[in-house]
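**Q** Below is the sequence, then the predicted model.
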Amino acid sequence: HARGRALRPRRPDLQAPQPARHRASLTRRPAPRLAGATPCPHKRAMTDTETLPRTGAGAPKRLFIKTYGCQMNVYDSERMADVLRPLGYAQTETVEDAAGGILNTCHIREKAAEKVYSELGKLRILKEQKSGAMTIAVAGCVAQAEGEEIMRRQPAVDLVVGPQAYHQLPELLTRTARARGERIGADFAPVDKFDALPKARGIQGVTAFLTVQEGCDKFCTFCVVPYTRGAEWSRPVAAILDEARALADQGVREITLLGQNVNAYHGAGDGGDWSLARLIWALNDIDGLERIRFTTSHPNDMSDDLIAAHGECAKLMPYLHLPVQSGSDRILKRMNRKHTAEEYLRLIERIRAARPDILISGDFIVGFPEETERDFEDTLDLIRAVNYGQAFSFKYSSRPGTPAAERPLVDEAEASDRLHRLQALINEQARGVMDGMVGREIGVLFEKPGRMEGQMAGKSDYLHAVHVKAEGIAPGDLRRVRITEAGPNSLAGALV
């Protein structure tokens, strides 16, 4: 990884980090040291007894967190709030009220970093209006990749912390408030992070994310994750089960297991390393926990026991996000995906044989460097063969330092046209899947009141939004619902 300059791609065949199998054998990457970095001279000096800025004498400190990107960043933001709660921080949705602001960033898309700098410009103005009495932090993958550049371009930033070091936020914030010490934390040490996080989580609601795996060893040529999140690493089974039980005790009914490559999970447990399927079966036995999901997966790690679990484990929901990116073998090879379109299709067949009603979701990149119209047509053919219930699709955006960034780009207008055509096909398929729900009885976990009086809203087994008008439904209730109508973005139904 690097900061403030192009990431240096490593040859996957020679330098990809090997998966860590046990905590004791975890290979840690040395963190770039910026010890003793001197705070910018314009920053307000604080006394040794002052730890963090307050909104007023004796008033509680308010913390504003803005999250960009994937579900893992949502989980990380929740945990940042947890580690800062003992310091007196309570979250606020209004940045103007905040004594501290954290931007938890994503580095996947081309314009992600520029969006962060734009937001930092707004925070800088707010900080000036508060006479400097506001702490600004940048976290996440942009922080990991561009730490020094962030500090250079926006001096109002007090500290930068990578995704494997946010457990250090209390210490880093305190040092920053005292105007001395390190202002960049970028360790690649997930063991330290998870060990240091508070056991209790400030969960509000009946669903929760739970990170079980981080990092990626696949080195797709378009992706920065191996550089910003590090090598694949799996949390120990006992730690995950403890956190899941605690969530269930707090009223959480559904857990989504998270990982950059979650089905590569190989955490240490009784008898050796556990697969994701074995972990799911253990979670299945937790009282109060009624639903299990996981995301995001790689086709090459979709093991036989995980496929079988979809057909046999009652609490594992019939929904699978399985990105393929392209339907062209030529482009898949250029992406370093290490599978063909045919292999992906045969995998989908095996999954549907185990669970015929499963909803398949995917990811697609159009306009990848050197993609031809024939390559794109191959992608459309694959989509037609799979029949996706939903999918995320994007025009290729170059990430500096990745191998694909050095290749000729597809014409922008052509890429936009392809994206429009692909999304039209995906939308048609998704519409068909939702229309096919009408008349069916499905499980719905209710989460909150709907927008209309007397209405409750929740998610179906297939992750569709569902709303029902009925009395006596509370958040956390899991009920059978007969679907009566399919709208553009949600389903309507009646209790059975």
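**A** Perfect, I can see it now.
**Q** Could I get the full set of strands for the stretch 1-150 of the chain?
**A** For the stretch 1-150 of the chain, the strands defined by DSSP state E, counting those that start in this stretch cover 61-67, 89-91, 100-105, 135-140.
**Q** Turn these into CSV, including mean neighbour count.
**A** Placement of C-beta: from N, CA and C, glycine included. Shown next, in CSV, are the strands of the stretch 1-150 of the chain (neighbours: other CB atoms under 10 Å):
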stretch, mean neighbour count
strand 61-67, 21
strand 89-91, 18
strand 100-105, 26
strand 135-140, 26
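**Q** Out of the ones you listed, the one nearest residue 254 is which?
**A** For these, the distance to residue 254 is smallest for strand 61-67, at 19.6 Å, taking CB to CB.
**Q** The closest one packs against which elements?
**A** Counting contacts by 3 or more CB pairs under 8 Å, 6 or more residues apart in numbering; DSSP states H and E, strand 61-67 is packed against helix 71-84, strand 89-91, strand 100-105.
**Q** Which residues outside the longest one are in contact with it?
**A** Helix 71-84 is touched from outside by 63, 65, 67, 89, 91, 100, 102, 104-106, 139-140, 163, 166-167, 169-170, 173, 196-198, 200-203, 209-211, 214, 256, 258-260, 295, with contacts defined as CB atoms under 8 Å, 6 or more residues apart in numbering.
**Q** mind showing which ranges of this protein have poor pLDDT?
**A** 1-60, 109-111, 174-200 (pLDDT under 70).
**Q** for it, which helix is longest?
**A** Ranked by residue count and defined by DSSP state H, the top helix of the chain is helix 412-435.
**Q** list the contacts for residue 363?
**A** Per CB under 8 Å, 6+ apart, neighbours of residue 363: 296, 321, 323, 324, 325, 391, 392, 393, 394.
**Q** Tell me the bridge partners for it.
**A** In this entry, residue 363 is beta-bridged to residue 392, by DSSP bridges.
**Q** quick one on the thing from earlier: turn the strands of the stretch 1-150 of the chain into JSON lines, columns for distance to residue 267.
**A** Putting the strands of the stretch 1-150 of the chain into JSON lines (distance: least, CB to CB, whole Å) gives the following:
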{"stretch": "strand 61-67", "distance to residue 267": "26"}
{"stretch": "strand 89-91", "distance to residue 267": "30"}
{"stretch": "strand 100-105", "distance to residue 267": "25"}
{"stretch": "strand 135-140", "distance to residue 267": "23"}
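**Q** Tell me which of those strands lies nearest to residue 459.
**A** strand 61-67 (19.7 Å).
**Q** Could you list the residues in contact with that closest one?
**A** With CB under 8 Å, 6+ apart, strand 61-67 has contacts from 52-55, 73-74, 77, 80-81, 84, 87-95, 97-104, 119.
**Q** re the thing from before, can you tell me which of the helices and strands packed on strand 61-67 is nearest to residue 269?
**A** Closest to residue 269 of those is helix 71-84 (CB to CB; 21.1 Å).
**Q** just the angle between that closest one and strand 100-105, please?
**A** 160 degrees (axes from the mean of the first three to the mean of the last three CA atoms, to 10 degrees).
**Q** Now do helix 71-84: distance to the chain's middle.
**A** Chain-centre distance of helix 71-84: 11 Å, with CA atoms, centre = their mean, to the nearest Å.
**Q** Alpha carbons of stretch 226-244, as PDB, please.
**A** Taking C-alpha atoms only, stretch 226-244 is exported to PDB below (Å, rounded to 0.1, in the frame of the first residue of the first chain):
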ATOM      1  CA  PRO A 226      -5.700  -6.200  -1.100                       C
ATOM      2  CA  TYR A 227      -3.700  -2.900  -0.800                       C
ATOM      3  CA  THR A 228      -6.100  -1.100   1.600                       C
ATOM      4  CA  ARG A 229      -7.500  -4.000   3.700                       C
ATOM      5  CA  GLY A 230      -4.500  -6.300   3.600                       C
ATOM      6  CA  ALA A 231      -4.300 -10.100   3.300                       C
ATOM      7  CA  GLU A 232      -7.200 -12.400   4.100                       C
ATOM      8  CA  TRP A 233      -7.700 -13.000   7.800                       C
ATOM      9  CA  SER A 234     -10.400 -14.700   9.700                       C
ATOM     10  CA  ARG A 235     -11.600 -14.000  13.200                       C
ATOM     11  CA  PRO A 236     -11.600 -16.900  15.700                       C
ATOM     12  CA  VAL A 237     -14.800 -18.900  16.000                       C
ATOM     13  CA  ALA A 238     -15.200 -18.300  19.700                       C
ATOM     14  CA  ALA A 239     -15.000 -14.500  19.300                       C
ATOM     15  CA  ILE A 240     -17.700 -14.500  16.500                       C
ATOM     16  CA  LEU A 241     -20.000 -16.800  18.500                       C
ATOM     17  CA  ASP A 242     -19.600 -14.600  21.600                       C
ATOM     18  CA  GLU A 243     -20.500 -11.500  19.600                       C
ATOM     19  CA  ALA A 244     -23.400 -13.200  18.000                       C
END
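**Q** Can you list the buried residues in it?
**A** Buried residues in stretch 226-244, counting neighbours by 16 or more other CB atoms under 10 Å, are found at 226-237, 239-241, 243-244.
**Q** tilt between the strand or helix carrying residue 493 and helix 412-435?
**A** Per DSSP states H and E, residue 493 falls inside strand 491-495. Relative orientation of strand 491-495 and helix 412-435, computed by the same axes, to 10 degrees: 20 degrees.
**Q** for strand 491-495, the distance to its chain's centre please.
**A** With CA atoms, centre = their mean, you get 30 Å for strand 491-495.
**Q** what does it contact?
**A** Outside strand 491-495, the residues that touch it by CB under 8 Å, 6+ apart are 434, 437-438, 442, 444, 460, 464-470, 473, 479-486.
**Q** mind listing the helices for the stretch 51-200 of the chain?
**A** Assignment of helices within the stretch 51-200 of the chain using DSSP state H, counting those that start in this stretch yields the ranges 71-84, 112-129, 141-153, 169-177, 190-196.
**Q** still on that earlier bit, narrow the contacts of strand 491-495 to those in helices?
**A** Those of the contacts of strand 491-495 lying in helices (DSSP H): residue 434.
**Q** Emit the PyMOL select command for whichever of the contacts of strand 491-495 are buried.
**A** This is the PyMOL syntax for the buried subset of the contacts of strand 491-495, where burial follows 16+ other CB under 10 Å:
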select buried, resi 434+437+442+444+460+464+465+466+467+468+473+479+481+483+486
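**Q** Which members of the contacts of strand 491-495 are positioned in strands?
**A** The strands, defined by DSSP state E, take in 442, 444, 460, 465-469, 479-486 from those.
**Q** of all those residues, which comes closest to residue 370?
**A** Of all the ones in strands among the contacts of strand 491-495, residue 370 sits closest to residue 465, with 38.6 Å by CB to CB.
**Q** Does the closest one touch residue 490 like I think?
**A** Yes: the criterion here is CB atoms under 8 Å, and residue 465 meets it with residue 490 at 3.9 Å.
**Q** so how many other residues sit close to residue 431?
**A** 12 (other CB atoms under 10 Å).
**Q** Residue 250 too?
**A** Using other CB under 10 Å, residue 250 is surrounded by 16 other residues.
**Q** residues contacting it?
**A** Residue 250 touches 201, 203, counting by CB under 8 Å, 6+ apart.
**Q** Can you tell me how far it is from residue 435?
**A** Counting by CB to CB, to the nearest Å, the separation of residue 250 from residue 435 is 37 Å.
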